[in-house]
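>>> Could you work out the structure for the sequence below:
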Amino acid sequence: MTGENKKVPLSVLYVEDEAVILLAIKDSLALYVENVYSAKNGVEGLALFKEYMPDIVVTDVKMPEMNGLEMSKEIRKISPKVPILITTAYSDIDFLIESINIGVNQYILKPIEIERLVHSLQKVCDVLMLSKSLDQTRSLLTEYKHAIDASTIVFKMDAKGEITYVNEEFCRVSKYSKQDLIGQHYKVLISPEESLPGFETIWKALSKEKIWKGIQKKRAKDGVFYYVDTTIVPIMDMESDVLQYISISYDVTDLIQKEEELEKRLYVDKLTELSNRAKLLLDLESTKYSALILINLDYFKEINDFYGTEVGDFILAEVGIRISSVINSEFYKLYKMPSDEYALLVFKMKNVNEVEKVAYQIRGIIMDKPFVYLDSEIHIAVTQGIAQEDHSLKNSVSRLLLKTDMALKKAKSLGKPLVVYNDSLNIFQEYEKNIQWTKKLKEAIVSDRIVPYFQPIVNNLTGKIEKYESLVRFIDKDGSVVPPIHFLDISKKNRLYPNITKIMVQKTIETFEKCNYEFSINLSVKDIMDVDTVNFIKDKLMEFPKVKNRIVFEILESEGIENYDEVIVFIFGMKSFGCKIAIDDFGAGYSNFDHIMRLNVDYIKIDSSLIKNIDTENNAQMVTRFIVEFARSLGKKTISEFVCSKEIYEKVKELGVDYSQGYYFGKPEPFILGENIVGKELIQ
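Residues are numbered from 1 along each chain as shown. Just a heads-up that it's a prediction; the model follows:
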């Protein structure tokens, strides 16, 4: 307040009954404020106040008609907050008390010093200007809030995540009422489509006093999905502690749905509604993958030509549905490739055998049941190629596609249902080798050269042979004996494996039907899952009733017993005949003790990986002792495999193993030895 050019944009009402003072003070005030209204008594002053509503009132006390205090009372009724300054020559206590009661802001003693008056007005003006600024800011904030509430979704939560406010737009979009949400934790707003880790990511960012932004998929109270573009901001106090969080979101449902529709047109096969080849290429470039399976429908062109494109389209769509029914979307994604092919991208796997298992499941779901269209039953066969590639290498996508396609073509050319590409092998030589072994196996089956060999199992307490295990062997044309490691896996891939299992069951039962030994036959989970193989076993048990109480079926634990329902049904069925069950290879790699708890087995065969060095390795001894004690607590017997020396034999007896099997007692032979094979010499 130091010049005309810097007048304060305020108005002052000055009331004084002495004309000389009134004129002098009015002129002085006019230098500092924009407007000055003057009156010579309280009545005129009150009238001017009502007319102009000035920002500040300066008044004398002793005046005719209505004094300054009476006028101030009336003004306070009109405007309780307007600043009032009293000028007076009186300073008695009654005057001060009445001034305080009225709410006078300040009083100035006469005679009035203009500088003192201006200084007092300066303080009042500063407060008024600040108050006006705050009022304006509040007004703007209120308008902003109204604008935000009308167009955006807003909610607040405290530092612990408890919801303290939601606006009407939030309620409109989410279909929740304020009563549904106020006082609840923010987690109630997480839909099943939003994982808890997603919420934890948001909360982690906020806990570090960071702003979080992102697109969220939400489920409204009525179950309808909507999308919001959300920003969550932490609000801090003066000490940088979080007071609350404010979330501001925009409904972007229409935009997301349009993007999804466009993406669907670009990346989704219209017929099957599966992702297409373009999407596969995009995913291969942007995701971590382990392997790829290429699935081809055999002779589909002929089927399409014979039945027509309508039937062909029906089959293509149905194949997609069937494959999708047997895969876990967390680890696999199915794509419809051009023509009659599909691709299955594998994100996570333990080994290639796991992928092969899925491929055979796919083959089974397609081939086991015909496709029925009107009155026609159409049988479809499939051929598959599998390849792996390190996604971190350069050009890995093109190499993966090339390898998978090569594997599929090789499978086609070899008439094989499935081929896995392997960089470490010459794939062409391997295919030729497989062809040769397939031919050999077929000839061996036809010419009866698949035979059982028998290895004795000794009772560790008596030292006598009480059991035998039947082991498959392949007799080549030159008379050489081929162990199963060379042909069993190939037999599983070329669909000869069930024939070998049936031969082993038949010949082993016929052999032991003539003696009184207990004997065991190895079965894979694949055998147990094969209905035809299980029915064959049941038929043989009824045909040879004398062996039912002496036969033991060894299930390979190392293959992974996952189909509990089917395995339990098989075990129950065999037990109803009086047969026994053993878990084979227990202790190899990761062994699941739950198998023993859940499956009603009679024997646990401890794997050779534990037994072969048990006489010198403390860890092997501790694990074996634990298995023995665990089995004994459940009433199960234990059998140690690979007992090849006296030292090992003595150690397994010391550890409490019930039976032993290995070259120390006898190698597998095509005949049964006898109960005294161990003999005095070995025992002593």
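
>>> Now do the helices in the stretch 451-600 of the chain.
For the stretch 451-600 of the chain, helices defined by DSSP state H, counting those that start in this stretch occupy the ranges 488-493, 497-512, 525-529, 531-543, 564-577, 593-598.

>>> Which of those sits closest to Val43?
Taking Cβ to Cβ, helix 593-598 is the member of these nearest to Val43, at 100.5 Å. (Glycine included, C-beta is placed from N, CA and C.)

>>> Output the below-cut-off pLDDT ranges for this protein.
Residues of the chain meeting the criterion pLDDT under 70: 1-5, 90-94, 141-151, 191-199, 209, 350, 423-432, 557-563, 588-592, 674-684.

>>> The longest helix seen in it - contacts with which helices or strands?
For the chain, the longest helix by residue count, based on DSSP state H, is helix 114-151. Applying 3 or more Cβ pairs under 8 Å, 6 or more residues apart in numbering; DSSP states H and E, we find helix 114-151 packed against strand 8-15, helix 19-30, strand 56-60, strand 84-88, strand 106-109, helix 168-174.

>>> possible to save the ones you listed as CSV with mean neighbour count and distance to Arg76?
As requested, the helices and strands packed on helix 114-151 are exported to CSV (neighbours: other Cβ atoms under 10 Å; distance: least, Cβ to Cβ, whole Å):
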stretch, mean neighbour count, distance to Arg76
strand 8-15, 22, 14
helix 19-30, 15, 22
strand 56-60, 26, 10
strand 84-88, 22, 8
strand 106-109, 16, 15
helix 168-174, 17, 39
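
>>> got those as TSV, with distance to Phe474 columns?
Shown next, in TSV, are the helices and strands packed on helix 114-151 (distance: least, Cβ to Cβ, whole Å):
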stretch	distance to Phe474
strand 8-15	108
helix 19-30	121
strand 56-60	114
strand 84-88	116
strand 106-109	115
helix 168-174	69
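
>>> Nearest to Ser133 among the ones you listed would be which one?
Closest among the helices and strands packed on helix 114-151, once you apply Cβ to Cβ, is strand 8-15, at 11.8 Å.

>>> contacting residues around that closest one?
Applying Cβ atoms under 8 Å, 6 or more residues apart in numbering, the contact partners of strand 8-15 are 1, 22, 25-26, 29, 32-42, 44-45, 48-49, 52, 54-60, 63, 68, 71, 121, 125, 128-129.

>>> Val372 and Tyr245: what is the separation?
58 Å (Cβ to Cβ, to the nearest Å).

>>> now swap in Lys493 and tell me
Using Cβ to Cβ, Lys493 is found at 59 Å from Tyr245.

>>> do the same with His486
In this view, His486 and Tyr245 are 67 Å apart by Cβ to Cβ.

>>> what ranges do the helices span in the stretch 301-450 of the chain?
Going by DSSP H, counting those that start in this stretch, the stretch 301-450 of the chain shows helices at 309-324, 352-367, 396-414, 427-446.

>>> and Thr501, which of the helices and strands packed on helix 114-151 is closest to it?
Nearest of these (Cβ to Cβ): helix 168-174, 59.8 Å.

>>> chain center to that closest one, what's the gap?
Distance of helix 168-174 from the chain centroid (Cα atoms, centre = their mean, to the nearest Å) equals 29 Å.

>>> How about residues contacting that helix?
Residues outside helix 168-174 that contact it (Cβ under 8 Å, 6+ apart) are 149-155, 176-178, 189, 218, 220-221, 226, 228, 249, 251.

>>> Give me the residues contacting stretch 608-615.
With contact meaning Cβ under 8 Å, 6+ apart, stretch 608-615 is reached by 587-588, 620-621, 623-624, 640-645, 647-648, 650-652, 655, 662.

>>> again with stretch 293-307
Under Cβ under 8 Å, 6+ apart, the answer for stretch 293-307 is 311-312, 315-316, 319, 323, 337, 339-344, 346, 355, 358-359, 362, 366, 373, 376, 378, 380-386, 404-405, 407-408, 412.

>>> What's the separation between Pro370 and Lys403?
Distance from Pro370 to Lys403, counting by Cβ to Cβ: 33 Å.

>>> The two: which is more packed in?
Neighbours were tallied for Pro370 and for Lys403 using other Cβ atoms under 10 Å; the higher tally belongs to Lys403 (23 against 11).
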